[in-house]
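> I'll drop the sequence and a predicted model, then ask my questions.
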Amino acid sequence: MLKLFYFIAISFFIFVVSQQDADAQLFTKYKAKAGFVKVEEYAKVTGGMSNPKLQVIGTTNQTIPFEQLEITIEFDPAQGTSSGWLYVVVDASDTTKSAAYFAIKPIIGDYLIFEIPGLDFGGMGLEIEEGAYISDYNWMDSDLMAAKLLADADFMTFYNENKPFTQVFVGLFVGINPADPESGISPVWGISLANDDYQKFCTVHAVNGQTFCSPVISGVENYSNLDFEVYPNPASDFLNVNVTTNTDGSEISIFDIYGRLIISQQTNEGNNQINISDLSSGVYNIKVGNKFSKFIKQ
């Protein structure tokens, strides 16, 4: 297994700046497959790949600078479209050749595609299979994926009760489906929605449409308000959680990106050391009292 960093979560989004609605009107939203057709051609002509294969697709709500403009990237869950998608491509004929391309579509003219150099996919916790490619499957496009989510009562309840969201991440990978880990390797769409208080992660099997949603991770529970610091971050073997207020009756809880509780231990005021050496590489949520933070396990 090759542990890749969700798709998209950190290095690509260092571009985030303030939104300008006027500039956003210059670009249109499109489905994921349409962009890959253009990226595949671009990887051959410009990237020198003879057999480009799609490994990861991703998008997130944010704003990025482009020349003299600021482009608002936004995923539309009703249509399954976004105004910008990231495509990670590997040359199956020479796997030393790989690239991450970002594509946007002006209202007038062809797609604009540019490479994101040095993109680090270090560990979102998604079990992405090395040597397996989305391109090898008859995969479900983003509009059909969105339709499956909209038909899921659990997703729609969370979506309607908690929008708008401060974070929206969407991605497609080939790996272990958390909804059915015994079924083996498959292409899976994942979507993460979060606001200041709640987070939820859902997956849609990109062939059969099976939908799974994690429990809601809540930051509003009946605990004392606690302040804490997490270090080092990223961490390899041990994580230190320095708690600065009274912690009687509370716990330190660590959740994976699917909302599953991985580690729980009693909280002490001062430094609390947690052994995380057995965790898979990825991004995790840590909760102390009613407050959440994140850390990366290397």
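Right, received. Where do you want to start?

> And the lengthiest helix in the chain, how far out from the chain middle?
Criterion DSSP state H: the longest helix present in the chain is helix 32-45. Centroid displacement of helix 32-45 relative to its chain, using CA atoms, centre = their mean, to the nearest Å, is 21 Å.

> Follow the chain on from that helix and name the next helix or strand.
Where DSSP states H and E defines the elements, the next helix or strand beyond helix 32-45 is strand 52-60.

> ok, and the closest non-adjacent residue to Y231?
Of all residues not flanking Y231 in the chain, N240 sits nearest, at 5.3 Å (CB to CB, 6 or more residues apart in numbering). Where you see a C-beta, it was placed from the backbone N, CA and C, and this is true even at glycine.

> hmm, I was thinking of P234
I296 is the one closest to P234 (CB to CB, 6+ apart), at 3.9 Å.

> related to what we said a few turns ago, alpha carbons of the longest helix of the chain, as PDB, please.
C-alpha atoms of helix 32-45 as PDB (Å, rounded to 0.1, in the frame of the first residue of the first chain):
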ATOM      1  CA  ALA A  32     -14.300  15.400 -13.100                       C
ATOM      2  CA  LYS A  33     -14.100  13.100 -16.200                       C
ATOM      3  CA  ALA A  34     -14.200  16.100 -18.600                       C
ATOM      4  CA  GLY A  35     -11.100  17.600 -17.100                       C
ATOM      5  CA  PHE A  36      -9.200  14.300 -17.100                       C
ATOM      6  CA  VAL A  37      -9.700  13.900 -20.900                       C
ATOM      7  CA  LYS A  38      -7.800  17.200 -21.300                       C
ATOM      8  CA  VAL A  39      -5.200  16.400 -18.600                       C
ATOM      9  CA  GLU A  40      -4.500  13.000 -20.200                       C
ATOM     10  CA  GLU A  41      -3.700  14.800 -23.500                       C
ATOM     11  CA  TYR A  42      -1.700  17.400 -21.800                       C
ATOM     12  CA  ALA A  43       0.400  14.800 -19.900                       C
ATOM     13  CA  LYS A  44       1.300  13.200 -23.300                       C
ATOM     14  CA  VAL A  45       2.100  16.300 -25.200                       C
END
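
> Give me the helices and strands touching that helix, please.
Applying 3 or more CB pairs under 8 Å, 6 or more residues apart in numbering; DSSP states H and E, we find helix 32-45 packed against strand 52-60, strand 85-91, strand 98-106, strand 112-115.

> Select, out of those, the one closest to G282.
Nearest to G282, of all the helices and strands packed on helix 32-45, is strand 52-60, at 14.4 Å by CB to CB.
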